[in-house]
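> I need the structure of the sequence given here:
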Amino acid sequence: MSNSAAMFDLTGRVACVTGASAGLGQRAAIALAAAGAKVVGVARRADALSEWAGAMGDHAAIVAADLSQRDQIADIAARIAEPFGMPDIVVHAAGINTREAADDVTQGGWDMTMNLNLAAPFFLTQAFVPAMRAKGWGRVVNFASLQTTRAFPAGVSYGASKAGIGQLTRAMAEAWSIDGINANAIGPGFFPTELTGPVFADPERAARNAAQTCIGRNGALTDIDGPLLFLCSNASAFVTGQILMVDGGYTAK
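Have a look, this model is predicted:
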């Protein structure tokens with residue numbers, strides 16, 4: 001293996017990916033396993049997780065859990081560590097967008113959004129930090145959004161949670177990078193996932209979003225592989241506290 005290839009090799013690493021039952025979370029889990037990591041996929045839907053894990057073989061395990069329940073996160077973290085040991089890499093892809101108009105935002109929708117999109121990435125990572133610190137190596141990848149910096153219709157609670165992810169990523173880096181634990185975020189543009197289903201169900205809207213990019217198209221799931229492997233491997237040894245927008249240049253225009 002060449003030195004350049006070795007930088008991206010995750011053989012011997014253990015990764016946890018939340019939201020692994022579908023979309024970018026599942027794609028992240030597939031990419032990490034392909035790079036040699038043992039991957040624990042976490043999501044609410046056990047059936048979808050089992051289907052994914054079955055295709056992955058010995059490199060995959062699953063934990064069916066609801067990360068929006070903050071009082072259960074310590075128990076969930078312990079379950080994640082059971083198959084392969086404490087993770088070296090944690091990718092927080094689980095998320096919800098209630099798409100409530102500002103006048104219609106409910107307390108329940110707000111709380112669920114903040115718990116899953118913002119609190120879970122922090123408290124789950126916090127549970128893994130002692131083991132990462134003991135090894136002197138860890139990688140945290142949060143999922144930011146176009147709405148980390150842009151206001152979209154019906155995006156009050158989601159946008160607030162993703163703006164919080166931007167600052168959470170910087171704060172994690174400040175707190176833990178001294179111990180070898182790098183924290184960064186990926187900010188996806190428009191990808192065809194369950195979360196963006198309403199966007200892609202409208203061909204005209206999808207076409208407008210594609211035209212807004214510099215590249216001229218919306219994302220394909222495989223477009224996440226390279227940026228993710230960079231942030232989860234030794235290739236990003238001197239990169240921390242950053243948001244890497246994987247949006248085809250949407251936010252550049």
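> Tell me which helix or strand comes right after the longest strand seen in the chain.
As assigned by DSSP state E, the longest strand anywhere in the chain is strand 181-188. On the C-terminal side of strand 181-188, the nearest following helix or strand under DSSP states H and E is helix 197-200.
> Figure out how far the helix or strand that that following helix is followed by is from the centre of its chain.
Next along the chain after helix 197-200, taking DSSP H and E as the criterion, comes helix 203-212. Chain-centre distance of helix 203-212: 24 Å, with Cα atoms, centre = their mean, to the nearest Å.
> Can you list the buried residues in stretch 98-107?
98, 99, 100, 105 (16 or more other Cβ atoms under 10 Å). C-beta here means a position set from N, CA and C on the backbone, and glycine is covered the same way.
> now swap in stretch 32-44 and tell me
Buried-residue list, stretch 32-44, by 16+ other Cβ under 10 Å: 32, 33, 35, 37, 38, 39, 40, 41, 42, 43.
> Quote the end-to-end distance of it.
20 Å (Cα to Cα, to the nearest Å).
> pLDDT on that stretch, on average?
Per-residue pLDDT values over stretch 32-44 give a mean of 97.
> Next: stretch 89-96.
On average, stretch 89-96 scores 97.
> Run through who's touching it.
10, 13-20, 23-25, 28-29, 32, 37, 42-43, 67-68, 112-113, 116-117, 120-121, 124-125, 128, 138-143, 158, 161, 195, 228, 232 (Cβ atoms under 8 Å, 6 or more residues apart in numbering).
> What about residue 215, how many residues nearby?
13 (other Cβ atoms under 10 Å).
> whoops, residue 55 was the one
Neighbours of residue 55 using other Cβ under 10 Å come to 10.
> coming back round to it: parallel or antiparallel, list what pairs with the longest strand of the chain.
Using DSSP bridges, strand 181-188 pairs in its sheet with strand 138-143 (parallel), strand 243-246 (parallel).
> Packed most tightly, which of those strands would that be?
Across the strands paired with strand 181-188, averaging neighbours per residue (mean count of other Cβ atoms under 10 Å) puts strand 138-143 on top, at a mean of 27.
> Beyond it, next helix or strand please.
In N-to-C order, the element after strand 138-143 by DSSP H and E is helix 156-176.
> Show me what that next one packs onto, helices and strands only.
If you count contacts as 3 or more Cβ pairs under 8 Å, 6 or more residues apart in numbering; DSSP states H and E, helix 156-176 packs onto helix 107-114, helix 120-135, strand 138-143, strand 181-188.
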